[in-house]
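Peer 1: prediction below, plus the sequence it came from.
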Amino acid sequence: PLLCPPALDESVPAEHVAPSLPGSLAVAVAAGGAAGAGGALWWGGLLPAVAWLPPAGAESGGAVAWVLAAGAGAVTAVSLGGLARGRTGWAWVQGRFGRYRGTVRRTGLVWLNPLAGRCRMDLRPRHWRSAPLPAVDADGVAVEVVLHVVWRVADTARAAHAVDDVARHLGECAEAALARVVSRRPVDAFRPGVPTLRHTEAVAEELTGLVAGAAAVAGLEVFAVQPVRIAYAPEVAEAMGRRRLAALDALHRDALLAEAVDAVEETVRRLTARGLVELDAREHKALVRDLTVAFCAGRTAGG
């Protein structure tokens, strides 16, 4: 896995909890502030007289009433301005003047500092499917691979400040890891015993480790990186298809010949063991040749 650069570790802090309060408490404070502002205005005689609200009778409390009403109104505004709704699977990332101030992961109605800027961030697992990505395999053949990545935001501070766009950063990490892994293996092995890109389980394990290490810089957690389609590039697909068919045909012929030789050997052994035929070296070679031709012709016609 690729390690996070030390300079980035120092410049971008890790996620920590920002101060917050229950939303019900903020609503209660706002209601109290509104009631206090109304009471101050009534006490100063600044409200119009109505039948059900007699005047307070204060003679020189106008200025004081305005001060008290303004203070209570400010408390109400601050209480209502900080109200926010926290949703399950989401978080509020707070900052002030470009500096990270903390993260709130509480759900329901909450109160946040209204003087700090905030943005909502999705913390749920997400799926990203790439377009066909170009690469070159171990044999120097151009291929195109489609990747499927399952990921989520683990550290909101890094996701918000370490990179401009977390989805774009994840795509760049996946493309770089793909080029590194594909260059180690051929798409198809025309000889047995060679690991290829068709072994998707091993390829997916390598890709997941590389992408997870690189994406950790941005505070992302990568669960799986799976190649869902591996194909030759259009300019070489036809030629590589013919080569693959030729290799399969050669393997098929080798298998047929091995089976025919085994069958001929067993037939000759049983004939001589039972004393059905007595052969000298020349006759033995002729019999083996004829039986081999017969068995190969029969296998080819039957296959």
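Peer 2: Structure received. Numbering: from 1, shown residues only.
Peer 1: what ranges do the helices span in the stretch 201-303 of the chain?
Peer 2: Assigned by DSSP state H, counting those that start in this stretch, the stretch 201-303 of the chain shows helices spanning 234-273, 281-302.
Peer 1: can you point out the buried residues in stretch 202-212?
Peer 2: Within stretch 202-212, the residues that count as buried by 16 or more other CB atoms under 10 Å are V203, A204, E206, L207, T208, G209, L210, V211, A212. Just so you know, the C-beta spots here come from the backbone N, C-alpha and C atoms, and that holds for glycine as well.
Peer 1: for it, give the mean pLDDT please.
Peer 2: Taken as a whole, stretch 202-212 carries a mean pLDDT of 93.
Peer 1: and stretch 289-303, by the same measure?
Peer 2: Across stretch 289-303, the average pLDDT comes to 61.
Peer 1: now stretch 82-94
Peer 2: Here stretch 82-94 scores 93 as its mean pLDDT.
Peer 1: mind listing the strands for the stretch 101-250 of the chain?
Peer 2: Under the criterion DSSP state E, counting those that start in this stretch, strands of the stretch 101-250 of the chain are mapped to 108-111, 117-122, 126-129, 133-136, 142-153, 220-232.
Peer 1: the fifth one vs strand 220-232, what angle?
Peer 2: Regarding strand 142-153 and strand 220-232, their directions subtend 160 degrees when assessed with axes from the mean of the first three to the mean of the last three CA atoms, to 10 degrees.
Peer 1: what angle do strand 142-153 and strand 117-122 make?
Peer 2: On the basis of the same axes, to 10 degrees, strand 142-153 is oriented at 120 degrees to strand 117-122.
Peer 1: any buried residues in strand 142-153, and which?
Peer 2: Buried residues in strand 142-153 (16+ other CB under 10 Å): A142, V143, E144, V145, L147, H148, V149, W151, V153.
Peer 1: these two touch, right, the fourth one and P227?
Peer 2: Just to be clear, that refers to V145. Yes. Taking CB atoms under 8 Å as the definition, V145 is a contact partner of P227 at 5.3 Å.
Peer 1: need the residues touching each of the two.
Peer 2: Taking CB atoms under 8 Å, 6 or more residues apart in numbering as the contact rule, the neighbours common to V145 and P227 are L178, L197.
Peer 1: could you chop the chain up by domain?
Peer 2: Following the assignment in automatic domain parsing, the chain carries domains at 6-121, 126-232, 247-302.
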